[in-house]
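*Asks:* Give me coordinates for this.
(one chain, ligands or ions: 1)
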Amino acid sequence: MAERIEDIAQALVAKGKGILAADESSGTITKRFDALGIKSSEDSRRDYREMLFRSDAMKTAVSGVILYDETIRQKAKDGTLLVDLIKGAGAVPGIKVDTGAKDLALSPGEKITEGLDGLRERLSDYYALGARFAKWRAVIDVGPAMPTWNCIHANAQALARYAALCQEAGIVPIVEPEVLMDGPVAAHDIDVCYGATEWILKTVFQELYVAHVVLEGIILKPNMVVPGKKSAKQASPAEVAAMTARVLKQCVPASVAGIAFLSGGQSNEAATEHLSLINQVGLPWPVTFSYGRALQAAALDAWGGKPENVAAGQRAFNHRAEMNSLAATGAWKAELEKKAA
Ligand code: 13P
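*Replies:* Below you'll find the model as predicted:
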């Protein structure tokens, strides 16, 4: 029996739970492995993801996992499908369906996310493989004379076409327009990030409306409002929380099922602290995490590609997932970080 997309969306933002973004393409995960001297192969990528999916926090802190095409088809060492490990932990399997951000023609330095061709058929295959939600990431860079309306509009329209195709297939779309904090320039201050975030969010919701997308059946995955990594003017956690809450209230209809932030290059603890402070503001939606790097970096480091380090990798993952679970209800405290095993 088909589940309602509204119910799947609610499950993804269940109280104290968030999403594990483990959908790095083989190229991206290879870069992360290379940085630690870990050999990237189909088996090593599987071993790493199996370690995460078998960790305790999957049952307590993780509502869903975003997978890459390779992973959704993979089996654990004992032959269990990785998708079944995720479901067994009570989480929802999801799939990245965009095919990446490509250069936007005649808009130097800007990107357009591709992947609409054949998407209806791919969604139906992924549904059969167990996916009940999907992700599409649009990338908005900030710099002199960027973003342009061309970039904002083209990406917002692609997100809306993707979201409509997902809902037609019974799959919840994660709508992810990311204003980069770590692009090539990354020198902008928090006010510039606010302006770019406001522009893309306003445009995305306009395009979702035009495309008849049901807002109760989407999850919005935005960036937080933060300065660029190389900005001369950094911002306090309180400022980040206040400006992020403000832009969301200005731009996001209350009917959206939930908001799950990306971490975008923030440090592990900053991503957690910001989420906790944002939740203390009091917003009309459940507000949680859909982190990649901020959930995985410590675990990847502790594992280092060695079977004897699986328990240490899982401890590191459990800790970050538990901290973010607390942050998702505004209950994280800095001193809890020190209790890490
Ligand atoms: P980060 O949390 O590492 O930004 O990744 C989240 C994600 O899914 C980006 O598309």
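*Asks:* Show me which residues of the stretch 201-341 of the chain are close to the ligand?
*Replies:* Residues of the stretch 201-341 of the chain found near the ligand (C-beta under 6 Å from any ligand atom) are Leu262, Ser263, Gly264, Tyr291, Gly292, Arg293, Ala294. For every residue, glycine as well, the C-beta is placed using N, CA and C.
*Asks:* In ChimeraX, how would I select the buried members of those?
*Replies:* Of those, the buried ones go into a single ChimeraX selection, burial set by 16 or more other C-beta atoms under 10 Å:
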select :262,263,264,291,292,293,294
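*Asks:* Looking at the residues of the stretch 201-341 of the chain next to the ligand, which is nearest Tyr127?
*Replies:* Comparing those against Tyr127 with C-beta to C-beta places Gly292 closest, at 23.3 Å.
*Asks:* tell me the contacts of that closest one?
*Replies:* By C-beta atoms under 8 Å, 6 or more residues apart in numbering, the contact set of Gly292 is Ala21, Ala22, Asp23, Glu24, Leu262, Ser263.
*Asks:* Over to Ala257?
*Replies:* By C-beta under 8 Å, 6+ apart, the neighbours of Ala257 are 6, 9-10, 12-13, 172, 215-219, 285-286.
*Asks:* do you know how far the one residue in the stretch 101-250 of the chain that gets nearest to the ligand is from Asn318?
*Replies:* At 4.1 Å from the ligand, Arg137 is the closest residue in the stretch 101-250 of the chain, using C-beta to the nearest ligand atom. Counting by C-beta to C-beta, to the nearest Å, the gap from Arg137 to Asn318 is 26 Å.
*Asks:* do Met181 as well
*Replies:* With distances taken as C-beta to C-beta, Met181 is found 27 Å from Asn318.
*Asks:* which of these two has more neighbours?
*Replies:* Per other C-beta atoms under 10 Å, whichever of Met181 and Asn318 has more neighbours is Met181, with 24 against 19.
*Asks:* Hmm, the more buried one is touching Val225, no?
*Replies:* No - look at Met181 against Val225 with C-beta atoms under 8 Å: they stay out of range, at 9.7 Å.
*Asks:* Determine the residues that are contacts of both of the two.
*Replies:* Common neighbours of Met181 and Val225 (criterion: C-beta under 8 Å, 6+ apart): Cys193.
*Asks:* just so I have it, where are all the helices in the stretch 51-200 of the chain?
*Replies:* 57-60, 69-72, 82-88, 119-128, 149-168, 190-210 (DSSP state H, counting those that start in this stretch).
*Asks:* Rebuild those as a markdown table, extending it with distance to Val256.
*Replies:* Formatted as a markdown table, the helices of the stretch 51-200 of the chain follow (distance: least, C-beta to C-beta, whole Å):
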| stretch | distance to Val256 |
| --- | --- |
| helix 57-60 | 25 |
| helix 69-72 | 26 |
| helix 82-88 | 24 |
| helix 119-128 | 21 |
| helix 149-168 | 11 |
| helix 190-210 | 9 |
